[in-house]
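> Have a look; sequence and predicted model below, questions after that.
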Amino acid sequence: MALNTILTLEVATPKGLALRTEADSVQVPSSLGEFGVLPGHVPVLAALKSGILRWHRAGGGTEVAAIGPGFAQAEPASVQILTDLFARASDVDVAAVKKEREEAEKALKAFDGNAQDAGYQELLRAIEWAQARLDAAASTQN
């Protein structure tokens with residue numbers, strides 16, 4: 001049996017398939033830290049946090065996107081990601097996202113409730129998602 005040399009990367013959101021491409025390698029932001037997947041990877045299922053998804057394209061070049069919390073399943077020839085949120089770095093409006101993050105941070109500081117409240121957790125997720133998009137956009141500037 002020949003070893004796969006290419007991965008199929010798929011990202012699905014509630015709106016449908018956000019990405020389907022081939023890659024030489026993929027880096028995923030899991031809840032326990034970033035992990036990389038190469039062709040032939042052992043099967044694994046991981047919980048994801050908001051962060052940067054990177055994939056090295058077959059033939060050269062690196063692509064970057066921000067993803068929200070979800071799940072990733074890696075197999076020897078593929079990586080499937082299920083998430084509510086996905087944004088390519090090139091699509092991020094940095095000024096608008098900075099404003100979103102600032103507004104969420106202000107609301108969090110003014111929050112009058114328990115850290116376990118759904119409203120508090122929602123504000124934290126909004127800040128994390130904004131930061132993931134800003135980090136993705138910044139990573140393409142380097």
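Thanks, I have the structure now. Numbering: from 1, shown residues only.

> check contacts around the residue sitting nearest the centre point of the chain.
Centre of the chain computed as the mean C-alpha position; nearest residue by CA atoms, centre = their mean is residue 67, 2.4 Å away. Residue 67 makes contacts with 11, 29, 48, 50-53, 81, 83, 85-86, 132, as judged by CB atoms under 8 Å, 6 or more residues apart in numbering. No exception for glycine: its C-beta is placed from N, CA and C like everyone else's.

> Adding neighbour count as columns, could you present those residues in JSON lines?
Supplementary listing: the contacts of residue 67 in JSON lines, determined by neighbours: other CB atoms under 10 Å:
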{"residue": "11", "neighbour count": "21"}
{"residue": "29", "neighbour count": "23"}
{"residue": "48", "neighbour count": "19"}
{"residue": "50", "neighbour count": "23"}
{"residue": "51", "neighbour count": "23"}
{"residue": "52", "neighbour count": "20"}
{"residue": "53", "neighbour count": "27"}
{"residue": "81", "neighbour count": "24"}
{"residue": "83", "neighbour count": "20"}
{"residue": "85", "neighbour count": "19"}
{"residue": "86", "neighbour count": "19"}
{"residue": "132", "neighbour count": "25"}
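
> Which ones among these lie within strands?
Secondary structure of those is defined by DSSP state E; positions in strands are 11, 29, 48, 51-53, 81, 83, 86.
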